[in-house]
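Q: structure of the sequence below:
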Amino acid sequence: TAPSECAGIAIADNTCQRSLNVVEQSRAYGLIRQFAANRQARRAMAQSVGLPDSQAAMTRIAPVADMSTTLHDAMLRGNIALPVALQIIRLEPNDANAMIGLFKTVAAGLNVQRELFDLLSDISRRDGITIATLLANFGGRRTGRYGCTFATATESVAANLEKKAVSGVKSGRIRFPAGG
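A: Below you'll find the model as predicted:
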């Protein structure tokens, strides 16, 4: 049996048993990339083994295979959403690890994670320090420069998003889909 056939059989066996998580899907796409010569062949192989075969899905999920085990773990535990993980991998390793550590300790949904990521990145750029240094200095204590604990800051971001959502619903700017 050819290696490409073995890979296809292994992937198909896994997809038939259960839905694959994003890490397993990215590894499966990695195997497919190794054995399929072009986009059309990759799409055909993905479809034949039960994976989403759109180029957009493959492109979006492919970087997950190269992420650190720590980031995989955080994603699988639900601490970090895929869109935020894709931003984290663009950071320097120390900053990425600091950000992963933060999201492992702060229970936050996707929107709050995005807000925190953007906030910390902006502060880091503004102050000319790394995100790792920023988080280490922020710690759990009040600081003169920022005037609050990190927990207070994250709660504030979450409360602000919730307040915006409630305000949008009350004003009619945000509507829930009609029930069926």
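Q: and T15, what is it in contact with?
A: Going by CB atoms under 8 Å, 6 or more residues apart in numbering, T15 touches A28, V49, G50, L51. Placement of C-beta: from N, CA and C, glycine included.
Q: nearest to R126 among the residues you listed?
A: Distances from R126 to those, taken as CB to CB, are shortest for A28 (41.0 Å).
Q: the closest one: what's its closest spatial neighbour, skipping adjacent residues?
A: I11 (4.6 Å; CB to CB, 6 or more residues apart in numbering).
Q: gap between that neighbour and A2?
A: 14 Å (CB to CB, to the nearest Å).
Q: next: A37.
A: From A37 over to A2 the distance is 13 Å, taken as CB to CB.
Q: and D122, by the same measure?
A: Distance of D122 to A2, computed by CB to CB: 51 Å.
Q: just to revisit the earlier point, who's more crowded, I11 and A2?
A: Using other CB atoms under 10 Å, the more surrounded residue of I11 and A2 is I11, with 24 against 8.
Q: surely the residue nearest to A28 touches Q34?
A: No. Here I11 does not reach Q34: they are 11.6 Å apart, not a contact under CB atoms under 8 Å.
Q: any stretches of the protein with poor pLDDT?
A: The model of the chain has pLDDT under 70 over residues 1, 4, 138-180.
Q: one more pass at 90, please.
A: Where the chain drops to pLDDT under 90, the residues are 1-67, 76, 102-112, 115-116, 119-120, 122-129, 132-180.
Q: for it, what spans make up the helices?
A: 3-17, 22-35, 39-48, 55-61, 69-76, 82-88, 93-105, 110-127, 131-138, 150-171 (DSSP state H).
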